[in-house]
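*Asks:* sequence first, then the predicted structure, then my questions.
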Amino acid sequence: MQSTDRPETRLATRLAFLIAGFGLACWAPLVPFAKARLEVDDGVLGILLLCLGLGSVAAMLATGMLSARYGSKPIIIASGLGLALTLPILTIASTPFTLGVTLALFGAALGSLDVAMNIHAVEVEKGADRPLMSGVHALFSIGGFIGSLLVTLLLSVHAGPLVATLLSSALMLVALVVAWPRLLRTVPSEDAPFFAIPRSFVLLLAVLAAITFLVEGAILDWSALLLTTQGQVEASHGGLGYMLFAIAMTVGRLAGDTIMAKFGDRAIMLWGGLVAVAGFFVLLLSPIAILAMSGFLLIGLGASNIVPVLFRKGGTQTVMPAGLAVAAITMCGYAGVLIGPASVGFVANHIGLPGSFWMLAILLCAAPLCAGIVTRTQSREETNAHRSYRPMDM
């Protein structure tokens, strides 16, 4: 039996993350076109966009169950195909109902791929003598940048939404074909449970993931308004905050594996969390714009590698099957993204938007406070007893 960590398995894992980020980002520039085509108001559009999130969350639960029995390879292939095939349909759906159904299917493919690729990454990393999780998560961000840039460029030269998505889908299919034979094939486990209730340690990982994703979603949706209402920048420059945050997070994840190999997961959780919390202080207390902007850099750098640590620990814990644990962590992360913007708005109505961001800083303190618990060493007996399925040679 060969190691799970081989050049071809690392390539396949990176391509899966690249496809997921690329596919999601291809949809974002198409939202205004869908709104104009269907002639719906913002309320209806919001309900339609919610279908994507609901489809994702529903599929994540099923993916965890199926991965526990059959492994991640068939799910990565099926969900990657689903993502590529449904993307062009989003540009031709002619009624709110058909667009809602297609968005739910698109979200289901994305959610399934998200869970399966993280399970695959955990298995590949188990065979390595160094961390790999941060680097593959960086590929999701890079894929998102490439996808949004490509579709935006095609739309700007009047290629049309359908042509832009057909080309994007073709690129995803090419990447999937390259990854297909290189993905890990696993021995089916007939006795693996289809469902397991998350226990204390996995629940902690899931809650921390929800907080981290909530912070990311809140910065995406509210950072521009925070900067403009505080008079830090003009409305035309409001997006600079999130841009700096996204760049810092991508850079942090590209360097994350090297940092983890040198300092360990506990240092990443502790010092990364403290740097991110310090970023909120800089952002909210700085009297001038350039200092406030540096706060976004600190938040992005500090938070960048917290989620990879959580997925690694979810994949190596022993209290429940790894696939179900990773699915639970992913579901809670998505829940944080879905409820984050709304919860920030609700709190802002009572204590103001800066107050909402102070609440985010307080929540994020959970990461450094729980660093010791999350990264505790498991005993050799527990580790040997845990293996829902075993990777085998292709």
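*Replies:* Perfect, thanks for sending it. Residues are numbered from 1 along each chain as shown.

*Asks:* show me what contacts the nearest residue in space to residue 263 that is not next to it in sequence?
*Replies:* Counting by Cβ to Cβ, 6 or more residues apart in numbering, the nearest residue to residue 263 once its immediate chain neighbours are dropped is residue 271, at 8.0 Å. (Each C-beta comes from the backbone N, C-alpha and C, glycine too.) By Cβ atoms under 8 Å, 6 or more residues apart in numbering, the contact set of residue 271 is 263, 302, 368.

*Asks:* buried stuff in stretch 263-283?
*Replies:* By neighbour count on 16 or more other Cβ atoms under 10 Å, the buried set for stretch 263-283 is 265-266, 268-270, 272-277, 279-280, 282-283.

*Asks:* equivalent analysis for stretch 38-46, please.
*Replies:* Neighbour counts over stretch 38-46 (16+ other Cβ under 10 Å) mark 38, 40, 45 as buried.

*Asks:* ok, now how distant is the second one from residue 110?
*Replies:* By that I understand residue 40. According to Cβ to Cβ, to the nearest Å, residue 40 and residue 110 sit 22 Å apart.

*Asks:* now swap in the last one and tell me
*Replies:* When distances are taken as Cβ to Cβ, residue 45 and residue 110 turn out to be 19 Å apart.

*Asks:* the first one now?
*Replies:* Plainly put, residue 38 is 21 Å away from residue 110 if you go by Cβ to Cβ.

*Asks:* how about residue 310?
*Replies:* 19 Å.

*Asks:* same deal with residue 293?
*Replies:* Noted for residue 293: a distance of 31 Å to residue 110, by Cβ to Cβ.

*Asks:* more neighbours: those two, which one.
*Replies:* residue 110 (27 against 21; other Cβ atoms under 10 Å).

*Asks:* and that one, which of the three is it?
*Replies:* Secondary structure for residue 110, judged by DSSP: H, G, I helix; E, B strand; the rest coil, is helix.

*Asks:* do you know the pLDDT at it?
*Replies:* Residue 110 carries a pLDDT value of 92.

*Asks:* I'd say it and residue 83 touch.
*Replies:* Yes: under the criterion of Cβ atoms under 8 Å, residue 110 makes contact with residue 83 at 6.0 Å.

*Asks:* need the residues touching each of those two.
*Replies:* 20, 23.

*Asks:* lowest-pLDDT helix or strand in the protein?
*Replies:* The helix or strand of the chain with the poorest confidence is helix 380-385; it has a mean of 38 (mean pLDDT, DSSP states H and E).

*Asks:* only the buried residues of the helix or strand where residue 68 lies, if you could.
*Replies:* If you go by DSSP states H and E, residue 68 is part of helix 42-70. For helix 42-70, the buried set under the neighbour-count rule, 16+ other Cβ under 10 Å, comprises 45, 48-49, 51-70.

*Asks:* tell me which stretches of the stretch 251-394 of the chain form helices.
*Replies:* Assigned by DSSP state H, counting those that start in this stretch, the helices in the stretch 251-394 of the chain fall at 265-285, 289-303, 306-316, 322-351, 353-364, 366-369, 371-374, 380-385.

*Asks:* wait, I meant the stretch 51-200 of the chain
*Replies:* With helices called from DSSP H, counting those that start in this stretch, the stretch 51-200 of the chain shows them at 73-89, 96-126, 133-156, 161-179, 200-229.
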